[in-house]
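>>> Requesting a structural model of the entry that follows:
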Amino acid sequence: MTLLHIKAGPFDFEARLEQEAAPKTCERFLSLLPYEQRIIHVRWSGEGCWIPLGSTDFGLGFENATSYPAPGQFLLYPGGFSETELLLAYGGVRFASRMGQLAGNHFLTISKGQENLLALGTKVLWEGAQDILFERLE
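Now for the predicted structure:
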């Protein structure tokens, strides 16, 4: 099992890659590490945060795709009807864009630090974009 450390705003999380269910997405994401971005609150999807990636093409299709991630699950939407993005659910989410409902590849799940998900989501909602860093745990 491959574990990642995630630093989002002032919060630390540990997450496991869903390598059996989304092997290509996990392999591609691992190739990006360490990965640093800014995370903002979603517009359409509910209680979630996202990293908009515009027209970035990771060369991925759909695997292990869902529109309803559980809190602590990360999705990678590889693009198509809407822009490429990463989405983190911190509460109830129905993944969507202005184009309508979407489905993204569930590839990463927070396994430690879930108690801080709501605090992270609230911070992003009320205070704006937060730095986020993904690193492999050794």
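
>>> This structure: helices as residue ranges?
Remark: helices assigned in the chain by DSSP state H are 23-30, 117-127.

>>> In a markdown table: those helices, plus mean neighbour count, mean pLDDT and distance to Gly91.
Heads up, the C-betas are built off the backbone N, CA and C, glycines and all. Output for the helices of the chain, formatted as a markdown table (neighbours: other C-beta atoms under 10 Å; pLDDT from 0 to 100; distance: least, C-beta to C-beta, whole Å):
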| stretch | mean neighbour count | mean pLDDT | distance to Gly91 |
| --- | --- | --- | --- |
| helix 23-30 | 19 | 98 | 23 |
| helix 117-127 | 16 | 98 | 7 |
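
>>> Compare the ones you listed and give me the one nearest Met99.
Comparing the helices of the chain by their distance to Met99 (C-beta to C-beta), the top pick is helix 23-30, with 21.2 Å.

>>> Just list what the closest one packs against, helices and strands only.
strand 11-17, strand 104-112 (3 or more C-beta pairs under 8 Å, 6 or more residues apart in numbering; DSSP states H and E).

>>> which of the ones you listed sits most buried?
Compared across the helices and strands packed on helix 23-30, strand 104-112 shows the largest average neighbour count, a mean of 22 (mean count of other C-beta atoms under 10 Å).

>>> Which neighbours in the sheet does that one have, and how are they oriented?
Strand 104-112 sits in its sheet next to strand 11-17 (antiparallel), strand 65-66 (antiparallel), strand 73-77 (antiparallel), going by DSSP bridges.

>>> Mind listing residues that contact the second one?
Right, the one you point to is strand 65-66. 73, 75, 95, 103-106 (C-beta atoms under 8 Å, 6 or more residues apart in numbering).
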